[in-house]
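Q: predicted model follows, preceded by the sequence.
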Amino acid sequence: MTVRGLENFFRSKAFTQVFTFGPTFRAENSQSRRHLAEFYMVEAEISFLENLQDLMQVMEGLFKTTTTTVLSNCPEDVELCHKFIAPGQKDRLEHMLKNNFLIISYTEAVEILKQASQNFTFCPEWGADLHTEHEKYLVKHCGNMPVFVINYPLKLKPFYMRDNEDSPQHTVAAVDLLVPGVGELFGGSLREERYHFLEQQLARSGLTEAYQWYLDLRRFGSVPHGGFGMGFERYLQCILGIDNIKDVIPFPRFTHSCLL
């Protein structure tokens with residue numbers, strides 16, 4: 001969760017739906033076609049949210065409503081990209097808008113990857129993170145439709161994601177939305193509002209002292225809530241069919257190239 005994500009949480013204690021849209025910074029040394037050192041992100045936090053289905057409905061609705069608005073208000077710009085950069089993208093985009101996004105669990109995703117005829121650089125196994133090559137294969141396997149992957153292993157996700165209490169697998173109510181050409185576009189979860197679960201998870205992670213202030217936020221109670229983040233440049237990649245994220249931002253800042 002970013003600093004703005006925490007700000008959203010604070011606001012969601014008083015308001016049921018809050019969001020921010022602004023620059024985000026990545027500390028990792030990521031040199032790829034879908035990573036920047038500085039990018040823009042839409043982050044939302046929703047109170048009184050009790051299941052992933054409702055959260056995914058908001059995520060899908062945001063994607064479809066925003067895309068429909070862009071296609072209506074900027075048809076010439078979009079058509080230019082579809083004509084000269086990504087022929088066939090218009091039909092693929094219309095297909096995404098007309099159909100419901102698919103849903104699979106992390107466990108199902110790993111089984112699909114294990115049965116794939118494709119040789120992956122990173123061997124898929126339960127408990128390991130999904131890499132870009134895995135994400136793109138899953139989208140292709142699902143008919144080039146956006147697909148939600150839900151219920152990730154607890155050890156892969158931050159301490160604040162809600163425990164599913166599903167021993168022995170021990171997963172959390174997390175969700176990623178994978179889209180054609182990009183892979184992960186959205187990442188979100190239900191947040192852990194139960195004090196004793198948070199206390200236990202922080203203790204297991206050795207973070208109790210550092211995050212005592214976070215526990216104090218819930219010491220006198222909380223409400224079920226959840227949220228997500230969507231990378232704006234990746235969104236543009238998806239709808240315009242542009243392969244490299246550096247081509248959808250005027251002044252791309254990436255590792256070792258963050259000129260002011």
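A: Sure, I can see it.
Q: how about low-confidence regions in the protein?
A: Of all residues in the chain, those with pLDDT under 70 make up the ranges 1-16, 30-31, 258-260.
Q: just the helices in it please.
A: Using DSSP state H, the helices of the chain run over 3-12, 52-73, 75-84, 89-98, 106-114, 132-141, 195-205, 212-218, 232-240.
Q: got the contact list for the longest one?
A: Helix 52-73 is contacted by residues 42, 44, 46, 49, 78, 93, 96-97, 100-101, 103, 146, 148, 150-151, 173, 175, 177, 185-186, 188-190, 226-228, 230, 235, 239 when judged by CB atoms under 8 Å, 6 or more residues apart in numbering. C-betas here are computed from N, CA, C, even on glycine.
Q: next: the last one.
A: Where contact means CB under 8 Å, 6+ apart, the residues beyond helix 232-240 that reach it are 21, 34, 36, 39-42, 63, 66-67, 70, 78, 81-82, 85-86, 89, 93, 179-182, 184-185, 242-245, 248-249.
Q: could you export it as PDB, CA atoms only?
A: Only the C-alpha atoms of helix 232-240 are listed here, as PDB (Å, rounded to 0.1, in the frame of the first residue of the first chain):
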ATOM      1  CA  PHE A 232      -2.500   4.500 -15.700                       C
ATOM      2  CA  GLU A 233       0.300   4.000 -18.200                       C
ATOM      3  CA  ARG A 234      -0.400   0.200 -18.300                       C
ATOM      4  CA  TYR A 235      -4.100   1.100 -18.900                       C
ATOM      5  CA  LEU A 236      -3.100   3.200 -21.900                       C
ATOM      6  CA  GLN A 237      -0.900   0.300 -23.200                       C
ATOM      7  CA  CYS A 238      -3.900  -2.000 -22.900                       C
ATOM      8  CA  ILE A 239      -6.500   0.100 -24.700                       C
ATOM      9  CA  LEU A 240      -4.100   1.500 -27.400                       C
END
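Q: report the angle between it and helix 89-98.
A: 110 degrees (axes from the mean of the first three to the mean of the last three CA atoms, to 10 degrees).
Q: and the angle for helix 232-240 with helix 75-84?
A: Using the same axes, to 10 degrees: helix 232-240 against helix 75-84 is 70 degrees.
Q: same question, the fifth one
A: Taking the same axes, to 10 degrees, one finds helix 106-114 and helix 75-84 inclined to each other by 30 degrees.
Q: what is helix 106-114 packed up against?
A: Helices and strands touching helix 106-114, by 3 or more CB pairs under 8 Å, 6 or more residues apart in numbering; DSSP states H and E, are helix 132-141, strand 147-153.
Q: got the angle for the first one vs strand 147-153?
A: Angular relation of helix 132-141 and strand 147-153 on a 0 to 180 degree scale: 130 degrees, by the same axes, to 10 degrees.
Q: show me how far helix 132-141 is from its chain's centre.
A: What separates the centre of helix 132-141 from the centre of its chain is 15 Å, taken as CA atoms, centre = their mean, to the nearest Å.
Q: what's the answer for the last one, then?
A: Between the mean C-alpha point of strand 147-153 and the mean C-alpha point of its chain there is a distance of 10 Å (CA atoms, centre = their mean).
Q: can you check stretch 175-185 too?
A: 7 Å.
Q: residue 169: how many residues sit nearby?
A: By other CB atoms under 10 Å, the residues close to residue 169 number 14.
Q: what's the closest non-adjacent residue to the most centrally placed residue in the chain?
A: In the chain, the residue lying closest to the centroid (CA atoms, centre = their mean) is residue 187, at 1.7 Å. Of all residues not flanking residue 187 in the chain, residue 176 sits nearest, at 5.2 Å (CB to CB, 6 or more residues apart in numbering).
Q: verify the stated contact: the one you found with residue 182.
A: No. If you go by CB atoms under 8 Å, residue 176 and residue 182 don't touch, sitting 11.5 Å apart.
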